[in-house]
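Enquirer: Prediction below, plus the sequence it came from.
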Amino acid sequence: MRCLLVLAIACSSPAATPSNTVPPKHDDTAMPTEVSALLGRWESCWHFRGEEGTDAARKQEILDGQNKYCPGNDDELARLRAKYKDRSDVQTALDKTREWQ
């Protein structure tokens, strides 16, 4: 029993976790937030454009979704393509918009 108690103390002591842990560096190759945001909006726009309204309420919901997610996407796509022209990972991600047309 005493041995078990010592083991429990040793495992739960602060010394069991390294105190010199360095937080991870920011990954400069991560997808820019504005690119991820556009892709999310684009996909939502595409979703609503593919929907059919079965009644007046659903038709209005679809129209509201299109009005929320679709305006400005083409201009934003062009802006981001130009801004990140040297980032092949961003260009590849932006190419997904071609699938959603």
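Expert: Received it, and whenever you're ready, just let me know what you need. Numbers count the residues shown, from 1 in each chain.
Enquirer: Measure how buried residue 51 is and give me the count.
Expert: 14 (other Cβ atoms under 10 Å). Just so you know, the C-beta spots here come from the backbone N, C-alpha and C atoms, and that holds for glycine as well.
Enquirer: residues contacting it?
Expert: By Cβ atoms under 8 Å, 6 or more residues apart in numbering, residue 51 lies in contact with 58, 62, 65.
Enquirer: hmm, who's touching the lengthiest helix in the chain?
Expert: Across the chain, the longest stretch assigned as helix under DSSP state H is helix 33-49. By Cβ under 8 Å, 6+ apart, the residues outside helix 33-49 that reach it are 62, 65-66, 68-70, 73, 76-77, 80, 84, 90, 93-94, 96-97, 100-101.
Enquirer: Pull up the gap between residue 52 and residue 58, please.
Expert: 8 Å (Cβ to Cβ, to the nearest Å).
Enquirer: Compare the two (neighbour count), which wins?
Expert: Legend: neighbour count by other Cβ under 10 Å for residue 52 and residue 58, higher for residue 58 (12 against 7).
Enquirer: Which members of the contacts of residue 51 are positioned in helices?
Expert: Secondary-structure check on the contacts of residue 51 using DSSP H: residues within helices are 58, 62, 65.
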